[in-house]
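Engineer: got a predicted structure plus its sequence, pasted below:
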Amino acid sequence: MFLLAGPERDDVAHLQTIARLTRLLRDPRLLAGLTSAADPKEIIETIRTVENEH
């Protein structure tokens, strides 16, 4: 579950964010990293690593 917050009238940014999340969530490395993370720090590291490779 994700919560997106942003300017009320900026529909483009909202759609770009959703598209980016969709691409990241399709990466099996992200799912593996999120499910095996032992703490929030590992979750953030996993997201950053996968995001930097896209």
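Structural biologist: Everything's here; your move. Numbers count the residues shown, from 1 in each chain.
Engineer: and the one helix or strand in the chain whose mean pLDDT sits lowest, what does it pack onto?
Structural biologist: Of all helical and strand segments in the chain, the minimum by mean pLDDT, DSSP states H and E falls on helix 11-25, at a mean of 86. Packed against helix 11-25, as judged by 3 or more CB pairs under 8 Å, 6 or more residues apart in numbering; DSSP states H and E, are the following elements: helix 40-53. No exception for glycine: its C-beta is placed from N, CA and C like everyone else's.
Engineer: need the residue closest to the centroid of the chain.
Structural biologist: Centroid-nearest residue in the chain, with CA atoms, centre = their mean: Leu21, separated by 4.7 Å.
Engineer: returning to that earlier point: and the helix or strand following the least confident helix or strand of the chain with helix 40-53, angle?
Structural biologist: Sequence-wise, the next helix or strand downstream of helix 11-25 (DSSP states H and E) is helix 28-36. Orientation note: helix 28-36 sits at an angle of 180 degrees relative to helix 40-53 (axes from the mean of the first three to the mean of the last three CA atoms, to 10 degrees).
Engineer: and the angle from helix 28-36 to helix 11-25?
Structural biologist: Put simply, helix 28-36 runs at 80 degrees to helix 11-25, going by the same axes, to 10 degrees.
Engineer: before we move on, the earlier item: show residues contacting the least confident helix or strand of the chain.
Structural biologist: Residues outside helix 11-25 that contact it (CB atoms under 8 Å, 6 or more residues apart in numbering): 2, 4, 6-7, 30-31, 47, 50-51, 54.
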